[in-house]
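**Q** Need coordinates for the below:
(one chain, ligands or ions: 1)
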Amino acid sequence: MEIAVDTESREFWDGVAAGELRIQRCEACGHAVFYPRALCPSCHCDRLVWIVASGRGEVYSYTVAHRAFGEFATEAPFTVALVDLDEGVRMLTRIVGGTVAIGDRVELEFATAAGNQLPCFRPVA
Ligand SMILES: [Zn+2]
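**A** Numbers count the residues shown, from 1 in each chain. As a prediction, this is how the structure comes out:
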């Protein structure tokens, strides 16, 4: 799958290539921001800077895909989750290396999905 990199997301994808989970933080109000944007969704300021996230978070919700289509078909079953990062943003991601429940602690682990290196999360033992 070809990932469409644009002006707002380039730093995020450069981070993925470097093994870092990069998110934005607003210099005006301090809010963490994800997905990548040009303006802070909290105060509409354009002074967003990039930080490296801790890679730790908590499962907000998840589902297990038992059937998938296209390039994902051979990867089923897999777990898709919403993870609340400790920095305060929610991220759509995949769970690898185990099963989770809502509220479980997880940590960053890069994994390959549909041919792309992506930031995923694994359960914390
Ligand atoms: Zn702001």
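**Q** show me the contacts for the residue located most distally from the centre of the chain.
**A** Computed with Cα atoms, centre = their mean, the residue of the chain farthest from its C-alpha average is A28, at 23.5 Å. Neighbour list for A28: 40, 43, 45, 47 [criterion: Cβ atoms under 8 Å, 6 or more residues apart in numbering]. C-betas here are computed from N, CA, C, even on glycine.
**Q** Quick one, which of these are buried?
**A** C40 (16 or more other Cβ atoms under 10 Å).
**Q** Which ones among the contacts of A28 lie within helices?
**A** Per DSSP state H, helices hold no members of the contacts of A28.
**Q** Now render the contacts of A28 as JSON lines, adding distance to L108 and pLDDT.
**A** As requested, the contacts of A28 are exported to JSON lines (distance: Cβ to Cβ, whole Å; pLDDT from 0 to 100):
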{"residue": "C40", "distance to L108": "24", "pLDDT": "97"}
{"residue": "C43", "distance to L108": "28", "pLDDT": "98"}
{"residue": "C45", "distance to L108": "27", "pLDDT": "96"}
{"residue": "R47", "distance to L108": "26", "pLDDT": "97"}
